[in-house]
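Engineer: Just a sequence and a predicted model for now, questions to come.
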Amino acid sequence: MTYQRFSILIVGVLMLVGLPNLSYAQTNDTTTTKKTTDLRESIKTKRDEAKTSLDDYKVAREEQKLAKLIQYGDKAISERTAALTEQKSRFSAKNCPTVALTAVNDAFATINTNLVAQKTVLDASTTLEGAKTATRDIFQKNRVYKYLMPAAKGACIAQKLISIIDGRLAEAVTKLKAAGIDTVAIETKLTEAKTAAQSAYDTYLQILKTPGGDDDGNKTKMNAAKTSLQTVRKTLGDVKSDIANLLGTYRQKSKNPGTRTLDEPVTP
């Protein structure tokens with residue numbers, strides 16, 4: 001293999017290794033972007049309405065408090081339902097891997113069902129204390145913003161990293177092996193990265209199943225999963241650097257007449 005062909009190979013491998021933007025914040029499709037923006041505006045409006053209702057409840061006369069609290073709870077439910085719809089649309093638009101998207105959609109559906117049931121209980125409340133309990137359940141038994149949505153995002157990212165490792169990075173290793181390059185060290189790092197990504201994914205799934213469960217336990221799980229994802233990104237960054245260093249190494253070797261042609265198996 002000539003040095004020129006080897007250089008082309010390494011450049012191609014580096015392109016395979018490049019990590020994509022894993023944000024689920026926005027999509028470039030104009031129509032989808034408009035729908036997402038409209039949904040966000042709708043959620044903001046509902047959030048403002050809920051805040052106004054809460055303020056009304058706080059200053060209401062005693063005989064009005066029950067009705068005002070029920071109204072506040074209903075608006076809080078409406079806001080959360082809209083937010084779940086917006087998030088579901090976002091994950092689909094940003095190509096969250098199918099296995100993760102299925103888990104996310106199932107978790108969202110469960111919370112939506114919970115919210116519908118809680119609204120029924122709240123609306124049927126005949127005492128202020130009963131309404132207070134039902135209102136607290138809206139927040140504490142769902143944790144839509146605190147755990148559900150962050151765990152959904154994390155699950156999508158973790159699964160996407162696993163797909164990259166099994167896909168383009170596995171292809172990169174195959175190309176390097178075909179050039180006679182020792183890839184043991186790189187494969188070891190990829191195995192470590194996949195293990196960490198799978199650990200993060202499994203942890204996020206646990207949170208998705210019980211986002212309104214033990215707050216302290218979910219907080220610990222969120223931190224552990226986040227640390228695992230950071231490990232994955234660092235390890236994959238190291239892999240990319242390792243492959244890039246191969247090109248530098250062979251550029252240096254190419255300065256010597258005896259190493260300008262690379263027909264024999266090579267070791268980085």
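Structural biologist: In hand now; what should we look at?

Engineer: Tell me where the stretch 101-250 of the chain has strands.
Structural biologist: Secondary structure of the stretch 101-250 of the chain (DSSP state E, counting those that start in this stretch): no strands located.

Engineer: for this protein, what spans make up the helices?
Structural biologist: Under the criterion DSSP state H, the chain contains helices at 3-17, 30-59, 62-93, 98-123, 128-140, 149-164, 170-178, 184-209, 215-253.

Engineer: packing partners for the fifth one?
Structural biologist: For helix 128-140, the contact count by 3 or more C-beta pairs under 8 Å, 6 or more residues apart in numbering; DSSP states H and E identifies helix 62-93, helix 98-123 as packing neighbours. Yep, even glycine has a C-beta here, placed from its N, CA and C like the rest.

Engineer: Buried deepest among these, which one?
Structural biologist: Ranked by average neighbour count under the criterion mean count of other C-beta atoms under 10 Å, these are headed by helix 62-93 at a mean of 19.

Engineer: In JSON lines, list the helices of the chain along with mean pLDDT.
Structural biologist: What follows is the helices of the chain, written out as JSON lines (pLDDT from 0 to 100):
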{"stretch": "helix 3-17", "mean pLDDT": "60"}
{"stretch": "helix 30-59", "mean pLDDT": "79"}
{"stretch": "helix 62-93", "mean pLDDT": "93"}
{"stretch": "helix 98-123", "mean pLDDT": "97"}
{"stretch": "helix 128-140", "mean pLDDT": "96"}
{"stretch": "helix 149-164", "mean pLDDT": "96"}
{"stretch": "helix 170-178", "mean pLDDT": "86"}
{"stretch": "helix 184-209", "mean pLDDT": "96"}
{"stretch": "helix 215-253", "mean pLDDT": "88"}
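
Engineer: Out of the ones you listed, which is the most enclosed?
Structural biologist: Mean neighbours per residue, mean count of other C-beta under 10 Å, is largest over the helices of the chain for helix 149-164, with a mean of 23.

Engineer: Can I get that helix in PDB, CA atoms only?
Structural biologist: Extracted in PDB, the C-alpha atoms of helix 149-164 (Å, rounded to 0.1, in the frame of the first residue of the first chain):
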ATOM      1  CA  MET A 149     -37.800  14.300  30.300                       C
ATOM      2  CA  PRO A 150     -34.000  14.300  31.200                       C
ATOM      3  CA  ALA A 151     -34.100  10.500  31.400                       C
ATOM      4  CA  ALA A 152     -35.800  10.300  28.000                       C
ATOM      5  CA  LYS A 153     -33.100  12.500  26.400                       C
ATOM      6  CA  GLY A 154     -30.300  10.500  28.100                       C
ATOM      7  CA  ALA A 155     -31.800   7.200  26.900                       C
ATOM      8  CA  CYS A 156     -31.800   8.500  23.300                       C
ATOM      9  CA  ILE A 157     -28.300   9.800  23.400                       C
ATOM     10  CA  ALA A 158     -27.000   6.600  25.100                       C
ATOM     11  CA  GLN A 159     -28.600   4.400  22.500                       C
ATOM     12  CA  LYS A 160     -27.300   6.600  19.700                       C
ATOM     13  CA  LEU A 161     -23.800   6.200  21.000                       C
ATOM     14  CA  ILE A 162     -24.200   2.400  21.100                       C
ATOM     15  CA  SER A 163     -25.400   2.500  17.500                       C
ATOM     16  CA  ILE A 164     -22.300   4.600  16.500                       C
END
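
Engineer: Next, the angle helix 215-253 makes with that helix.
Structural biologist: Put simply, helix 149-164 runs at 30 degrees to helix 215-253, going by axes from the mean of the first three to the mean of the last three C-alpha atoms, to 10 degrees.

Engineer: tilt between helix 149-164 and helix 184-209?
Structural biologist: 150 degrees.

Engineer: which residues touch helix 149-164?
Structural biologist: With C-beta atoms under 8 Å, 6 or more residues apart in numbering as the test, helix 149-164 has contacts from 19-20, 22, 24, 83, 87, 91, 94, 96-97, 99-101, 103-104, 107-108, 193-194, 197-198, 200-201, 204-205, 207-208, 211, 222, 225-226, 228-229, 232-233, 236.
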